[in-house]
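Chemist: Need a 3D model of the sequence below.
(one chain, ligands or ions: 2)
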Amino acid sequence: MSKRIIRLASMLVLIGVMFSMIACSNSSEVPNETTTGATTTKAVTTTGDQSTTAATTTQAVEENPFAEHLTITWLMSLNADYVEGTGMDEEMLEERYNIDLQPWAISNYDPEGLSMMLAAGDMPDFSKLDHAPWDAIGLYEQGMTRLINKEMYKKYFPYYYELMLQNEPSSLFHNNVKNEDGSLSDNFYGISMVVDNKWYYNVPLARLDWLENIGYEIDESLLTPIKLSDEKLGKYSDQVFITNQIFPHEDFNEILRAFTEDDPDGNGEDDTYGGVIFNHNFRSAWADLWWGQFGVNSSDGNFLYEDSVTGDIVPYYAFTGYRDYMEWAVSMRDKGYIRTLPEGYESLAPQGSWYDNLLANWMTGKIGYFFADRQYICRPDAPAYSDRQPPQSIWLNAGDEDATFITWPALAGPQGIEPNSKWGQRRYSLDAFGSGKNRTYLVGAEVSDEKLARVLTMWNDSNTAAIDDPYWSVAKSGIEGVHYTWTGEPWNSARITTDATKIPPHYKRYGGFLAVFSTGGPAVGANEAMTLYTKIFYGEEWYKDYCIEPIKYWSATYVPAEMMQAFKADWDAFGADINKIHAEFRDRHWNGQIANINTEWEQYINQLYDAGLEKIVNDYYNNDDFIAYKTPDLTVVK
Ligand SMILES: [Ca+2]
Ligand SMILES: [Ca+2]
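Modeler: Ligands and ions are numbered 1, 2, ... in the order given. Predicted coordinates for the structure are as follows:
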């Protein structure tokens, strides 16, 4: 338990009740070095390194595992113009692993090209066929691919195998060749991609200068300034601060009130307000922080929740957290502390209508609280997009060059910070392993164990090498000064990719041999703000404390195929009625037509159950054959 309450010296809020709760935890003092490169502490395996002399290894008697020269066909890139034998990365890997890589000049995003290839019976040895007509199971059933046994990972790709163990049980579900009784086997239809299951996008961002103007002081020791040195935003260095502290829910409500009523911009006019909210039917990642205060997620309807009274597993629209969110939202809206956007924002498509509107409203400089994509805070290198986002939009477009900001992990819920309190953001990927066409690497039917072992070894070496390893950094990303440049300190600043047309022919790259696994570690080579934010975010493991975890998650990964089919039939029968009851209740609530939430919520739930939700809950959501979600160990593998 390491949730941290922000401790404010406030003239406006009753001190004592909230601030006596928890002292700042020392767990925040994670040195940056541990997070700069998730892979740096793992030793490079020497088996693949032919430049290492035998004398330096203790297993001198071992045979050279790369003695036999192997030809390996390949298709893992958009690069349809690539001419085999011309790439710098191809040459490097061929030399080290005693192989001839033969990339095929078809884009893996080309449905026609891939269909023709497969129709002709051609299957590359190693591929990722995002737009093929069949998925991994379909291709295997047609005899195009082979299976991969877990032992191969254990032996030749231990880095991957360890991640697999860490992320059980869900790591085993993806691409698994299930036994006849439905149990898991040790064989897989393809190599499941590893994705970052710790990531979340939006974080809270508020005007720090306004907080100070309305009487809050935050201890400087709790604030880490974002340093900026680029030409564009460098003059705003030290104007955005990251803190790992949390405003208690009631404090934050009070802040939204004061942003509205206490003239935080000091111009003597009643012209500001706390934040922007959307109506109840707007479900998006941009509403997740608001909803998340009440333990319910807006953007992903596959999250299921446990009803604390009945123990039923229910969808968001039957969960009390949703009710509590709606109550809070309407109450704050009616007070004017948070406001909706002008007409027309409701539509999610085209995206521009609400998104442009939101950014334009924030840019008025009259709003105190925002939610910000961590990737774009103070980002200097994506002008068209990022200049409209706070904080930079306030400096650049609202004409408020002195504005200061604070950003923190999540908005807290009314139940406080007790260990079992469930509020916060949503991890973007719940599982570390993925499946489906765009998250599965395929191995051709003709590939021998030896060939598979060679490639797995290559991937193991590339993933376990130090981030600045002279061989692997070039094999993965090219040469500094040729393929990219750093904006500041190497490996600790932004990396700008050189325009492809400006790279000399002999430095061309295929680019699809190694960039195959995202291990969930902090990204290197982002802009200054994101690099710092990422270090704190991963170093302090915010995703462990500030994310809502579903009790169950509705997806083919967790739901048996027959159950999914039966559900679809039932949903076809009941779904429209359930949706209608939900929509009516939701809209009446938004329109202020609910007189007594407690009685009307109960009536609403009864209506839903009578309309068929009871059967859905009993037969599917509560059913033990629908496996409960288990949060994996989210520690970043070093
Ligand atoms: Ca070749
Ligand atoms: Ca004012």
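
Chemist: could you check the distance from Gln142 over to Gly182?
Modeler: 23 Å (CB to CB, to the nearest Å). Where C-beta positions appear, they are placed from N, C-alpha and C, glycine not excepted.

Chemist: residue contacts, Phe188?
Modeler: 147-150, 174-177 (CB atoms under 8 Å, 6 or more residues apart in numbering).

Chemist: my bad, Thr440
Modeler: By CB under 8 Å, 6+ apart, Thr440 lies in contact with 128, 135-136, 175, 189-193, 434.

Chemist: Which among those residues count as buried?
Modeler: 128, 135-136, 175, 189-193, 434 (16 or more other CB atoms under 10 Å).

Chemist: Pick the one among the residues you listed closest to ligand 1.
Modeler: Lys128 (18.5 Å; CB to the ion).

Chemist: Flag every residue of this protein that's near ligand 1.
Modeler: By CB under 5 Å from the ion, the residues of the chain that approach ligand 1 are 85, 100-101.

Chemist: So what's the residue count around the residue lying closest to Thr498 once chain neighbours are set aside?
Modeler: Spatial nearest neighbour of Thr498, excluding adjacent residues (CB to CB, 6 or more residues apart in numbering): His483 at 5.5 Å. The number of residues packed near His483 is 20, by other CB atoms under 10 Å.

Chemist: just the helices in the stretch 201-350 of the chain please.
Modeler: 208-213, 249-261, 288-292, 320-335 (DSSP state H, counting those that start in this stretch).

Chemist: tell me what the third one is packed against?
Modeler: Contact partners of helix 288-292 among helices and strands, from 3 or more CB pairs under 8 Å, 6 or more residues apart in numbering; DSSP states H and E: strand 202-207, helix 320-335.

Chemist: By residue count, tell me the biggest helix in the chain.
Modeler: Using DSSP state H, we find that the single longest helix of the chain is helix 561-590.

Chemist: what's downstream of the lowest-mean-pLDDT helix or strand in the chain, the next helix or strand?
Modeler: Using mean pLDDT, DSSP states H and E, the weakest-scoring helix or strand in the chain turns out to be helix 33-36, at a mean of 31. Using DSSP states H and E, the helix or strand that follows helix 33-36 towards the C-terminus is strand 70-75.

Chemist: Report the mean confidence score over the longest helix of the chain.
Modeler: For helix 561-590, mean pLDDT rounds to 97.

Chemist: Kindly report the same for stretch 143-151.
Modeler: Mean predicted confidence for stretch 143-151 is 98.

Chemist: Tell me the residues of the stretch 301-450 of the chain that contact ligand 2?
Modeler: Close to ligand 2, as judged by CB under 5 Å from the ion, the stretch 301-450 of the chain has no residues.

Chemist: Give me the nearest residue to the closest residue to ligand 2 within the stretch 351-500 of the chain, chain neighbours excluded.
Modeler: As assessed by CB to the ion, ligand 2 sits closest to Lys366 within the stretch 351-500 of the chain, at 7.7 Å. Using CB to CB, 6+ apart and skipping the chain neighbours, the partner closest in space to Lys366 is Thr272 (4.8 Å).

Chemist: Would you enumerate the residues in contact with the residue of the stretch 501-638 of the chain found nearest ligand 2?
Modeler: At 27.5 Å from ligand 2, Gly592 is the closest residue in the stretch 501-638 of the chain, using CB to the ion. Counting by CB under 8 Å, 6+ apart, Gly592 touches 330, 334.

Chemist: Just read off the phi/psi values of it.
Modeler: Note on Gly592: its backbone torsions stand at phi 70, psi 30 [degrees, to the nearest 10].

Chemist: how near is it to Asp334?
Modeler: From Gly592 to Asp334 the distance is 7 Å (CB to CB).

Chemist: residue ranges for the strands of the stretch 1-150 of the chain, please.
Modeler: 8-10, 70-75, 99-103, 126-127, 148-149 (DSSP state E, counting those that start in this stretch).

Chemist: And the second one, what's buried?
Modeler: By that I understand strand 70-75. Buried residues in strand 70-75 (16+ other CB under 10 Å): 70, 72-75.

Chemist: counting contacts, what elements does that strand pack onto?
Modeler: Against strand 70-75 (3+ CB pairs under 8 Å, 6+ apart) you get strand 99-103, strand 126-127, helix 449-464.

Chemist: Export those to a markdown table and append columns for mean pLDDT, mean neighbour count and distance to Arg374.
Modeler: Putting the helices and strands packed on strand 70-75 into a markdown table (pLDDT from 0 to 100; neighbours: other CB atoms under 10 Å; distance: least, CB to CB, whole Å) gives the following:
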| stretch | mean pLDDT | mean neighbour count | distance to Arg374 |
| --- | --- | --- | --- |
| strand 99-103 | 97 | 20 | 35 |
| strand 126-127 | 98 | 26 | 33 |
| helix 449-464 | 96 | 20 | 24 |
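
Chemist: which stretch among the ones you listed comes nearest Ala500?
Modeler: In terms of CB to CB, the element of the helices and strands packed on strand 70-75 nearest to Ala500 is strand 99-103, at 16.5 Å.

Chemist: Quick check: can you name the pairing partners of that closest one and their directions?
Modeler: Next to strand 99-103 in the sheet, as set by DSSP bridges, lie strand 70-75 (parallel).

Chemist: pLDDT on the partner strand, on average?
Modeler: 98.

Chemist: quick one: contacts of that strand?
Modeler: Applying CB under 8 Å, 6+ apart, the set of residues contacting strand 70-75 is 98-104, 106, 108, 124-129, 444, 450-451, 454-455, 512-513.

Chemist: Settle it for me: which of Gln142 and Gly182 has more neighbours?
Modeler: More crowded of Gln142 and Gly182, by other CB under 10 Å: Gln142, with 13 against 10.

Chemist: what about the more buried one, distance to ligand 1?
Modeler: From Gln142 across to ligand 1, the span is 27 Å (CB to the ion, to the nearest Å).
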